[in-house]
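>>> What follows is a predicted structure for the sequence shown.
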Amino acid sequence: MRAIWKGAVSFGLVNVPVRLYSATENHDLSFHQVRRSDGSRIRYKRVAQTDGEEVPYKEIAKAYQTEDGKSVILTDEDFESLPNRSSKEIAVEKFVPIEQIDPILYDKPYYIEPDGMGAKAYGLLREALRESERVAVVTVSVRTRMTMAVLRVIDDVIVLQTLLWPDEVRDSGALNNLDEVSNPKDSEVAMARMLIDSMAGDFELEEHEDDYQIAVEALVKSKIEGGDVTESPDQADEEESGEVVDLLAALQRSVDRAKASRGEDPEETTSSAPRTSAAKKSTSKKSATQKSTAQKSAGTKSAAKKSADTKSATKKTTAKKTTAKNTTAKKSSSGSSDKKAG
């Protein structure tokens with residue numbers, strides 16, 4: 001595992017050098033949105049709500065929305081002026097009984113291990129927490145933001161678990177139907193207790209598994225083994241060109257296709273498009289044996305637009321391309337044709 005934070009736990013006059021590691025990882029399944037007909041990925045653009053215009057990333061700012069719906073735009077200078085409470089210290093404020101911390105407050109857990117010469121002090125803190133049956137309430141800055149947390153012991157490791165702030169826990173009084181809940185009869189409560197006793201047991205984590213994820217993985221594996229795999233056009237472009245298909249290139253192709261469907265010339269937009277987009281478009285239309293030549297030709301054409309000095313180079317490249325085609329077509333007839341083409 002890779003440490004995400006290095007610092008020290010301080011309680012009283014004791015300092016424990018430690019490293020912090022994420023104790024959990026998210027295994028939620030994620031599915032891409034694709035076009036059903038060919039598996040092409042669906043991409044999204046950042047657009048302004050007012051006019052639908054696409055907004056470049058460099059023009060995007062952060063805004064704070066007030067309760068009455070007003071937006072206040074904050075600049076980088078505004079954020080720099082805010083108090084910076086970042087620290088490399090986990091400061092213990094007090095030790096409290098563990099039952100006083102409502103589990104609803106627990107947020108993200110992190111493993112703590114001793115760093116450098118802190119093993120002895122680490123062991124002292126761990127055993128003190130274990131024997132006292134208390135947790136240490138601390139403040140810590142993880143990823144630049146100061147937050148509350150507790151230190152507790154799980155097996156042989158000290159765990160730092162961040163806590164939610166009080167205003168981050170929603171008020172249960174806002175629920176709608178609690179007033180309709182009536183008090184049960186004593187006989188009903190007794191019957192419920194009997195049911196609970198009959199189903200009583202110990203919690204064994206190993207008995208539980210994510211059956212949905214297991215089923216999805218088995219389904220995907222069976223489809224792969226059966227050859228039911230779709231290679232989207234986007235993936236093919238990435239493999240052929242050796243370049244990552246960016247959003248701008250995908251948009252350029254979409255514009256070209258739309259123009260072609262209306263009977264317009266897609267090449268009219270090529271001059272304003274990035275060279276990478278033109279190259280990818282050319283590559284997708286050529287055969288596998290002409291990939292390299294098509295890319296060189298597209299690059300030469302683009303250079304020719306910038307300077308008149310490269311026109312002769314463009315003609316030479318085009319001539320070589322034509323000669324190569326003629327040579328390939330005449331190979332089966334005679335070797336002398338090859339010499340003439342050269």
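Thanks, I have the structure now. Here the structure is a predicted model, which means the values were calculated and not measured.
>>> rest of the way, CA atoms for contacts and neighbours
Will do.
>>> Okay, helices next: where are they in the stretch 151-300 of the chain?
Under the criterion DSSP state H, counting those that start in this stretch, helices of the stretch 151-300 of the chain are mapped to 186-198, 211-225, 233-241, 247-261, 275-285, 291-306.
>>> could you dump the second one to PDB, C-alpha only?
What that stands for is helix 211-225. This file holds the C-alpha atoms of helix 211-225, laid out as PDB (Å, rounded to 0.1, in the frame of the first residue of the first chain):
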ATOM      1  CA  ASP A 211     -23.300 -11.800  -4.900                       C
ATOM      2  CA  TYR A 212     -24.300  -9.100  -7.400                       C
ATOM      3  CA  GLN A 213     -20.700  -8.400  -8.300                       C
ATOM      4  CA  ILE A 214     -19.900 -12.100  -8.500                       C
ATOM      5  CA  ALA A 215     -22.800 -12.600 -10.800                       C
ATOM      6  CA  VAL A 216     -21.800  -9.700 -13.100                       C
ATOM      7  CA  GLU A 217     -18.300 -11.000 -13.300                       C
ATOM      8  CA  ALA A 218     -19.500 -14.500 -14.200                       C
ATOM      9  CA  LEU A 219     -21.800 -13.100 -16.800                       C
ATOM     10  CA  VAL A 220     -19.100 -11.000 -18.400                       C
ATOM     11  CA  LYS A 221     -16.700 -13.900 -18.400                       C
ATOM     12  CA  SER A 222     -19.200 -16.200 -20.100                       C
ATOM     13  CA  LYS A 223     -19.900 -13.600 -22.800                       C
ATOM     14  CA  ILE A 224     -16.100 -13.200 -23.500                       C
ATOM     15  CA  GLU A 225     -15.600 -17.000 -23.700                       C
END
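>>> Shouldn't residue 92 be within a helix?
No: judged by DSSP: H, G, I helix; E, B strand; the rest coil, residue 92 forms no part of a helix; its state is strand.
>>> For it, give me its contacts.
Neighbouring residues of residue 92 by CA atoms under 8 Å, 6 or more residues apart in numbering: 9, 10, 11, 136, 137, 138, 139.
>>> For the residues you listed, I'd like a selection string for PyMOL - just the buried members, please.
A single PyMOL command selects the buried members of the contacts of residue 92 (16 or more other CA atoms under 10 Å):
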select buried, resi 9+10+11+136+137+138+139
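>>> Lowest-confidence one in the contacts of residue 92?
Within the contacts of residue 92, residue 11 has the lowest pLDDT, namely 84.
>>> For that one, which non-adjacent residue is spatially closest?
residue 92 (5.3 Å; CA to CA, 6 or more residues apart in numbering).
>>> Perfect, that will be all.
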